[in-house]
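J.: Predicted model, plus sequence, below.
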Amino acid sequence: MALRMWASSTANALRLSTCASKSPAFSLSRAFSTVLDDLKYASSHEWVKHDGPLATIGITDHAQDHLGELVFVELPEPGKEVKQGTGFGAVESVKATSDVNSPISGEVVEINTKLAESPGLINTSPYEEGWMIKVKTSNPSELANLMGSKEYIKFCEEEDAAH
């Protein structure tokens, strides 16, 4: 029993899961962060999942891990235009406040209202329950400016090594 409790707490600390019911097609783990294969990534550590005319946006597992426990999330109102590389909101943790940039341009059509009451969803589920905004894309070709999973992993490793 003690071994099972130790294994469970270790798995939680390493953010490992034995439950694959909601897992995406493929993910790569680097250090203690997860990078999903079917997303695109900005150098400012936001991710985007493009699905037809809509893009879902959030901050990466790597970013939330560096920020620590999130206590507040500021999101734009639906209808606001966002531009690739510019800020649309902010996240506040027990360590710092950080702007959140949009990895793609378009109109905000939905925000994750759950984050107002539970900003920690970004910590526990950055790619699923912790998404931030949904955008009707105005220029899908901007996705070409973003990194794939392997490029993002390399970027994070180089950035971490520099610090």
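T.: Nice, I can see it. Residues are numbered from 1 along each chain as shown.
J.: shaky segments in the protein?
T.: Counting by pLDDT under 70, the chain contains low-confidence ranges at 1-32.
J.: Which parts of it are helices?
T.: 2-13, 61-67, 114-117, 121-124, 149-162 (DSSP state H).
J.: Deepest in the core, which of those is it.
T.: helix 61-67 (a mean of 21; mean count of other C-beta atoms under 10 Å). Placement of C-beta: from N, CA and C, glycine included.
J.: what's it in contact with?
T.: Contacts to helix 61-67, defined as C-beta atoms under 8 Å, 6 or more residues apart in numbering, come from residues 15, 30, 32-35, 45-46, 59, 70, 91, 93, 95-96, 98, 122-123, 126-127, 130, 156.
J.: Kindly format the C-alpha coordinates of it as CSV.
T.: Extracted C-alpha coordinates of helix 61-67, given in CSV (Å, rounded to 0.1, in the frame of the first residue of the first chain):
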residue,chain,number,x,y,z
ASP,A,61,2.3,23.3,-20.0
HIS,A,62,5.9,24.6,-20.0
ALA,A,63,4.6,28.2,-19.3
GLN,A,64,2.3,27.2,-16.5
ASP,A,65,5.0,25.1,-14.9
HIS,A,66,7.4,28.1,-14.9
LEU,A,67,4.7,30.4,-13.6
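J.: how far out from the middle of the chain is it?
T.: 8 Å (C-alpha atoms, centre = their mean, to the nearest Å).
J.: Renumber starting at 50 from here on
T.: Okay, residue one is now 50; in that scheme the one you just asked about reads as helix 110-116.
J.: give the contact list for residue 170.
T.: 161, 163, 164, 178, 179.
J.: Kindly indicate which of these lies nearest residue 212.
T.: residue 179 (24.1 Å; C-beta to C-beta).
J.: Report how many residues lie close to that closest one.
T.: 23 (other C-beta atoms under 10 Å).
J.: Residue 92 and residue 182, how far apart?
T.: Separation of residue 92 from residue 182 (C-beta to C-beta, to the nearest Å): 19 Å.
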